[in-house]
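Visitor: What shape does this take:
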Amino acid sequence: MTQQTPTRRIIIVTIVSGLAILLALAAYIFWPSAATTAPSDVAPVAEDAAKSADDAVAAAGMSAADRKATEALVKAYILENPEIITDAVAILQQRQVTERLSAAGNDIAKPFPGAEAGNPKGDVTIVEFTDYNCGFCRASVPDIQRLLKSDSNLRLVYRELPILSQSSRDAALWALAAARQGKHKAFHDALFAAGPADETNIAAAARQAGLDMAAARAFAASPQANQEIERNLAFMQQIGFNGTPTFIIGDQILEGALGYDALKRAVEKARQKG
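Guide: Residues are numbered from 1 along each chain as shown. Below you'll find the model as predicted:
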């Protein structure tokens, strides 16, 4: 018993010290100058791990030489197996994503009335944040259309996120007006097909979608429409992304024009997780 206890303590110290080294290496590899540029939720984790290592060493009664030897062994293992850094960072990032999405709650998948497409009872929901002046959003339209056509059990929730210009906001407000008239997808597709979201193209898309122009214009100027835009901007801040298009599929936050295959894989992954 007297020999097992120190051994057990050394093992614990080795593990804790290894975690501290791993996080420190990850910070310097993935976030250079970690003290100033690392994500705000990563630096405190590394600091906590380092403190835990110090506490464990003190509790185990290890000498400075023993600690140095233990840390050298752990560091050597990590350098020989660097893939564990990537794996650990991926796990940490996914946990952070899950926490941010949980904080946003179920409201993220509750659309503005009419701003949805696909199967309203689908088993997988795609939430898409989009800006009508975003070229990557425009490039994603055919991929989303193809995905909806190929998978009848998908539900798509549109979230208007005008971050590029005032005309982006004007277009988003008209999109909400189209949703109110049950013609969001028609307006959405027509405007992206038309080109930049300027006044001429917005009006043309609205007419092509068959909107009641006077009613749409009035609703686009309403507090309700503007409140929805602000709500989506708040979601962006809360979830932690800063560009369009951004897709939320299950517990995945995917940014950029990913292409059909990547979107399909994300849907399959979400479906497997249930």
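Visitor: all helices of this structure, in order?
Guide: For the chain, the helices defined by DSSP state H cover 4-30, 34-37, 43-60, 64-80, 83-104, 135-150, 166-180, 184-194, 199-208, 213-220, 223-239, 260-273.
Visitor: worst average pLDDT in those helices?
Guide: Among the helices of the chain, helix 34-37 has the lowest mean pLDDT, at a mean of 42.
Visitor: How many residues are close by Ala72?
Guide: Using other Cβ atoms under 10 Å, Ala72 has 11 neighbouring residues. C-betas here are computed from N, CA, C, even on glycine.
Visitor: can you check Arg180 too?
Guide: Neighbour count for Arg180, taken as other Cβ under 10 Å: 22.
Visitor: before we move on, what about the one 10 residues further on?
Guide: Summarising burial for Ala190: neighbours were counted as other Cβ under 10 Å, giving 20.
Visitor: how close does the residue nearest to it when sequence neighbours are not counted get to Asp189?
Guide: Leaving out its chain neighbours, the residue that sits closest to Ala190 by Cβ to Cβ, 6 or more residues apart in numbering is Ala205, at 3.9 Å. Ala205 sits 9 Å away from Asp189, taking Cβ to Cβ, to the nearest Å as the criterion.
Visitor: And the two? Which one has more around it.
Guide: Taking neighbours as other Cβ under 10 Å, Ala205 and Asp189 compare with Ala205 leading, 26 against 18.
Visitor: Now do the contacts for the more buried one.
Guide: Ala205 makes contacts with Trp174, Phe187, Ala190, Leu191, Ala194, as judged by Cβ atoms under 8 Å, 6 or more residues apart in numbering.
Visitor: Asn133: how many residues sit nearby?
Guide: Asn133: 23 surrounding residues under other Cβ under 10 Å.
Visitor: before we move on, what about Pro120?
Guide: 10.
Visitor: What of Pro196?
Guide: Neighbours around Pro196, by other Cβ under 10 Å: 16.
Visitor: now it, nearest residue through space, not along the chain?
Guide: Here the residue nearest Pro196, using Cβ to Cβ, 6+ apart, is Asn133, at 6.0 Å.
Visitor: Quick check: the one you found touching Ala197?
Guide: Yes. The pair Asn133 / Ala197 is scored as a contact, 5.0 Å apart, by Cβ atoms under 8 Å.
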